[in-house]
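*Asks:* Structure, please.
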Amino acid sequence: MAQEWEKSFQEFLKYAGKELRRAGNELKQEAQVLLENQEKLKKSLRAVSEWAKATAKEVAEVAQKHAQEAESKWSRKVQTGFCGFGKKDAPRKTWGEPVEKISTEPSLKAQKTAAPKAASKARKASEPKAASKSPKATSKPRKQAASAKKASAKKKN
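*Replies:* Model (predicted):
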């Protein structure tokens, strides 16, 4: 009986050893797949990170370029007389320089457009206002005209 028990125990150990080896091999294969996937993921993340950095740098450069263009266009407009400023009266170019003189008189263009407007306002003010026609003021003459038509129609008949 002891030999039978030893024999069955040895068979159990052989079977358990085979199962452990098979499970160990499966675990190794899964670990290898996971490591490969991890490497692929790292490479992808590096590529995305590099792309994001490059794109952010490009966006910053483009934004800076457009800001400089807008600033130069605005300063050219101010220097050439945009907004009523003449070249002499242009405000400071940088914040450190004081403003020498800003003209408080309207520009020539404003004077040219203001003169006709003022003349038309004066003309309108001097003209007499026409009598307003309200419904109550016109209702009596209409009724009288209607009754006169009826009367003339009766006379013809």
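*Asks:* Tell me which stretches of this protein form helices.
*Replies:* 2-79, 108-126, 135-156 (DSSP state H).
*Asks:* As JSON lines, those with mean pLDDT would be great.
*Replies:* Shown next, in JSON lines, are the helices of the chain (pLDDT from 0 to 100):
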{"stretch": "helix 2-79", "mean pLDDT": "93"}
{"stretch": "helix 108-126", "mean pLDDT": "65"}
{"stretch": "helix 135-156", "mean pLDDT": "66"}
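*Asks:* need those in TSV with mean neighbour count, can you?
*Replies:* Any C-beta I mention is one placed from the backbone N, CA and C, and that applies to glycine too. Compiled in TSV, the helices of the chain are given as follows (neighbours: other CB atoms under 10 Å):
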stretch	mean neighbour count
helix 2-79	10
helix 108-126	10
helix 135-156	9
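*Asks:* A2 and Q10: what is the separation?
*Replies:* With the distance defined as CB to CB, to the nearest Å, A2 ends up 12 Å from Q10.
*Asks:* swap in A145?
*Replies:* A145 sits 134 Å away from Q10, going by CB to CB.
*Asks:* List the contacts of E50.
*Replies:* E50 makes no contacts at all, as judged by CB atoms under 8 Å, 6 or more residues apart in numbering.
*Asks:* Against E39, how distant is it?
*Replies:* According to CB to CB, E50 stands 17 Å off from E39.
*Asks:* And for V59?
*Replies:* For V59 relative to E39 (CB to CB), the value is 30 Å.
*Asks:* Next: V62.
*Replies:* 35 Å.
*Asks:* What of E30?
*Replies:* E30 sits 15 Å away from E39, taking CB to CB as the criterion.
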